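Asks: Structure of the sequence below:
(one chain, ligands or ions: 1)
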Amino acid sequence: MTTIRRRLTFWYTVALGVTVVAFGTLLYLERRSSSLRELDQRLLLEADLADRWLTESYNVLGRIVTTGGSRPALDPGISAYLDAVRDYLVVADTGGQVLALSDVARELDAGDLQRLTGVLDSLRLKRQSGNVDLGLPIGNVRYLAVRVERAGPEVGGVLVATSLGQVAFGPSALLQSMLLIAPVVLLGAAVVGYWLAGTSLRPVEGIMDEVEAISDGRSLHRRLAVPISGDEMARLALTVNGMLARLEKSFDSLHRFTADASHELKTPLMVLRAGVERALVHPGVPAEILQSLDETLAQVNQMSEMVENLLTLARADEGRAPLAVEECDLRDVIGDVAETAGMLGESAGITVTSRIPSTAIPMAVDRHRIREMLLNLVTNAIKYTPQGGTVALSLAQEDGSVVFTVSDTGIGIAPGDLPHIFDRFWRADPARSRTGERPGTGLGLSITKWIAEAHGGSITVQSRPGRGSVFTVRLPREAPIQIHAAATEEVSGQLSS
Ligand code: ADP
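Replies: Numbering: from 1, shown residues only. Next up is the predicted model:
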């Protein structure tokens with residue numbers, strides 16, 4: 001979510017940045033060309049005035065060029081008027097010789113002056129404008145040269161020029177201001193964009209939180225709140241709700257089918273088992289038939305166990321697996337399991353030890369389920385530990401929790417398998433764990449996990465292949481069974497009764 005928000009902000013800022021730059025560039029170019037136009041008009045006005053002044057003076061005086069000095073020059077009375085022009089102004093004769101200069105033009109060095117008069121010298125048209133680079137410090141100058149035709153034979157033309165630096169000043173200042181302002185504007189836009197993106201995406205976050213809360217089959221009855229805005233978010237919520245409804249329906253039918261099928265299978269299996277057991281004790285049954293009856297009974301028992309487990313899980317999924325919560329001393333429960341484990345261990349050649357506290361640990365739990373949970377762990381530990389190994393059970397109290405551990409020195413679990421061991425029907429690779437020789441349904445740990453969680457607790461496992469495994473069940477003393485029970489009608493019924 002954060003990435004979409006950041007991405008939106010980034011692209012929003014980039015788009016705005018591009019717009020600002022494009023706008024600034026266009027503004028700068030427009031200002032520059034209009035400044036140039038204004039400058040050309042000023043130069044034209046000055047050249048025209050000079051042309052008219054020279055023509056009028058010639059018409060009145062008849063002669064405006066004096067040749068008294070070392071070289072010809074405009075009559076001082078006439079050139080005095082041109083002194084005041086605030087740009088470079090050069091009056092030249094038809095051969096390109098300077099006849100008069102404005103005050104500003106007089107400050108130019110000889111080289112620069114020659115470059116300007118060179119323009120007049122090569123003047124072909126009546127009017128000609130352009131740029132000449134006079135080098136530093138003046139730089140580029142804009143000029144307008146005009147041929148003067150009616151101010152006597154000596155006067156050839158007038159050139160007015162001005163530094164382009166002055167022109168550039170206006171648009172450059174604009175550019176500088178924009179460079180200063182643009183980052184501030186962009187930063188402000190980024191902040192606003194980030195906030196805007198966050199605000200627009202908040203409903204999506206809300207939907208995601210709600211969907212995340214629907215973490216398992218039991219929460220599928222929940223629905224998202226549909227915004228009254230009727231916008232895309234409302235459509236999204238409606239779509240997700242529709243999907244949840246379809247999921248809930250198929251989950252329901254799956255659970256119902258599993259529960260019904262398991263339930264229907266229970267009776268025929270019981271009848272089958274009773275029949276096989278009866279046949280086993282029947283006198284005169286040949287040995288080879290007895291052996292196959294034995295195998296059949298083992299298979300029937302395993303199938304009954306699987307059907308029982310499936311029924312429990314299907315009911316748990318539907319929230320119909322009741323917990324018969326009663327106050328009991330957990331030492332009794334684990335002691336009972338340790339006893340059974342001792343017997344199982346003895347026949348498997350495995351040492352079973354138990355560490356039980358001397359003081360009572362009273363707690364409200366479903367003792368049968370807790371016993372089932374521990375038995376699952378212990379039978380697994382014995383099943384997956386080779387002869388001569390050890391299985392240890394312990395019960396302890398820790399920071400407001402009770403902790404059961406069942407550890408073994410068995411075959412262990414591969415790191416890649418650890419995330420799957422609590423999945424339904426999952427069994428490790430037969431080649432590694434020899435699960436073919438070790439009967440099982442792959443449902444024991446799923447039920448164990450459900451029992452721990454139904455008591456508000458959790459189960460974790462640590463294991464190293466070839467070294468053994470440690471299963472740890474942690475149940476909070478102040479068990480929030482109610483929290484779980486709230487999701488299961490029958491449990492809440494028991495708690496309130
Ligand atoms: P199963 O009926 O196969 O024992 P479980 O759900 O009890 O089914 O266990 C799932 C799988 O986890 C087992 O098939 C086995 O591969 C692995 N497993 C469980 N407990 C142990 C253990 N103590 N040591 C090694 N592997 C184990």
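Asks: and the spatially closest residue to residue 121 that is not a sequence neighbour, helix, strand or coil?
Replies: Leaving aside its sequence neighbours, residue 121 sits nearest to residue 96 (Cβ to Cβ, 6 or more residues apart in numbering; 3.1 Å). In short, each C-beta sits where N, CA and C put it, glycine included. Put simply, residue 96 is coil when judged by DSSP: H, G, I helix; E, B strand; the rest coil.
Asks: what's the burial count for residue 96?
Replies: Neighbour count of residue 96, defined by other Cβ atoms under 10 Å: 17.
Asks: these two touch, right, it and residue 119?
Replies: No. Using Cβ atoms under 8 Å, residue 96 is not in contact with residue 119, being 9.0 Å away.
Asks: what's the following helix or strand after the strand or helix carrying residue 190?
Replies: Using DSSP states H and E, residue 190 sits within helix 164-213. Downstream of helix 164-213, the first helix or strand assigned by DSSP H and E is helix 232-281.
Asks: Let me know the angle separating that next one from helix 164-213.
Replies: With axes from the mean of the first three to the mean of the last three Cα atoms, to 10 degrees applied, the angle from helix 232-281 to helix 164-213 works out at 30 degrees.
Asks: by contact count, what packs against helix 232-281?
Replies: helix 164-213, helix 287-318 (3 or more Cβ pairs under 8 Å, 6 or more residues apart in numbering; DSSP states H and E).
Asks: Of those, which shows the lowest average pLDDT?
Replies: For the helices and strands packed on helix 232-281, mean pLDDT drops lowest on helix 164-213, to a mean of 81.
Asks: how distant is that one from the center of its chain?
Replies: Taking Cα atoms, centre = their mean, to the nearest Å, one finds helix 164-213 lying 20 Å from the centre of the chain it belongs to.
Asks: Look at the spatially closest residue to residue 446 that is not a sequence neighbour and say how many residues are nearby.
Replies: The spatial neighbour of residue 446 that comes closest, neighbours along the chain excluded (Cβ to Cβ, 6+ apart), is residue 424 at 4.8 Å. For residue 424, the neighbour count with other Cβ under 10 Å is 13.
Asks: What's the first helix or strand after the longest helix along the chain?
Replies: For the chain, the helix that runs over the most residues, judged by DSSP state H, is helix 2-61. Counting by DSSP H and E, the next helix or strand C-terminal to helix 2-61 is strand 65-66.
Asks: Contacts for that next one, please.
Replies: 72-76, 93, 99, 152, 154-155 (Cβ atoms under 8 Å, 6 or more residues apart in numbering).
Asks: rerun that using 10 Å as the cut-off
Replies: Strand 65-66 has contacts (Cβ atoms under 10 Å, 6 or more residues apart in numbering) with 54, 58, 72-79, 91, 93, 99-100, 151-155.
Asks: How about stretch 269-276?
Replies: Contact with stretch 269-276 is made by 262, 265, 292-301, 303-308, as judged by Cβ under 10 Å, 6+ apart.
Asks: mind listing what's buried in that stretch?
Replies: Residues of stretch 269-276 classed as buried under the neighbour-count rule (16 or more other Cβ atoms under 10 Å) are 269, 272-273, 276.
Asks: quick one: contacts for the residue of the chain most remote from its centre?
Replies: Within the chain, the residue lying farthest from the chain centre (Cα atoms, centre = their mean) is residue 68, at 88.9 Å. Shown in contact with residue 68 (Cβ under 10 Å, 6+ apart): residue 75.
Asks: tell me the contacts of residue 145?
Replies: 43, 47, 90, 92, 116-117, 119-123, 125-130, 157-161.
Asks: Out of those, name the ones that lie in helices.
Replies: Per DSSP H, the subset of those in helices is 43, 47, 116-117, 119-121.
Asks: Just send the residues you listed back as CSV, with distance to the ligand too.
Replies: Converted to CSV, those look like this (distance: Cβ to the nearest ligand atom, whole Å):
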residue, distance to the ligand
43, 95
47, 101
116, 98
117, 103
119, 98
120, 103
121, 104
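Asks: Buried only: go through the residues you listed for me.
Replies: For the ones in helices among the contacts of residue 145, a neighbour count by 16+ other Cβ under 10 Å gives the buried set as 43, 47, 116-117, 119-121.
Asks: re the thing from before, residues that sit against both of residue 96 and residue 119, list them.
Replies: 90, 157.
Asks: Whichever residue of the chain sits closest to the ligand: neighbouring residues, count only.
Replies: Across the chain, the shortest distance to the ligand (Cβ to the nearest ligand atom) belongs to residue 440, at 2.3 Å. Using other Cβ under 10 Å, residue 440 has 17 other residues around it.
Asks: Between helix 2-61 and the helix holding residue 190, find me the angle.
Replies: Using the same axes, to 10 degrees: helix 164-213 against helix 2-61 is 160 degrees.
Asks: on that earlier part again, quick one: residues contacting the residue of the chain closest to the ligand.
Replies: So residue 440 contacts 302, 305-306, 379-380, 383-384, 427, 433 (Cβ under 10 Å, 6+ apart).
Asks: That one - that's part of a strand, no?
Replies: No. Applying three-state DSSP, one finds residue 440 to be coil, outside a strand.
Asks: which of the buried ones among the ones in helices among the contacts of residue 145 lies closest to residue 139?
Replies: Proximity of these to residue 139 was ranked by Cβ to Cβ; the top entry is residue 116 with 13.9 Å.
Asks: Assess the claim that the closest one and residue 133 are in contact.
Replies: No. Judged on Cβ atoms under 10 Å, residue 116 makes no contact with residue 133 at a distance of 11.5 Å.
Asks: what do those two both touch?
Replies: Contacts common to residue 116 and residue 133, judged by Cβ under 10 Å, 6+ apart, are residue 141.
Asks: quick revisit: got the phi and psi for the residue of the chain closest to the ligand?
Replies: Main-chain dihedrals, residue 440, degrees, to the nearest 10: phi 180, psi 170.
Asks: what about it, distance to residue 302?
Replies: Using Cβ to Cβ, to the nearest Å, residue 440 is found at 8 Å from residue 302.
Asks: how about the residues of the chain that lie near the ligand?
Replies: Residues of the chain found near the ligand (Cβ under 6 Å from any ligand atom) are 380-381, 384, 408, 410-413, 421, 426-428, 433, 435, 440-446, 469.
Asks: Can you flag the buried ones in these?
Replies: Buried members of those, scored by 16+ other Cβ under 10 Å, are 380-381, 384, 408, 410-413, 421, 427-428, 433, 435, 440-446, 469.
Asks: Now go through those and say which are in helices.
Replies: Among those, DSSP H puts 380-381, 433, 444-446 in helices.
Asks: Could you single out the nearest of those residues to residue 458?
Replies: residue 445 (13.2 Å).
Asks: is it true that the closest one touches residue 428?
Replies: No. Judged on Cβ under 10 Å, residue 445 makes no contact with residue 428 at a distance of 11.2 Å.
Asks: Which residues are in contact with each of those two?
Replies: 420-421.
Asks: Which elements pack onto the longest helix of the chain?
Replies: For helix 2-61, the elements it packs on are helix 76-83, strand 88-93, strand 98-101, strand 127-133, strand 140-147, strand 155-163, helix 164-213, judged by 3 or more Cβ pairs under 10 Å, 6 or more residues apart in numbering; DSSP states H and E.
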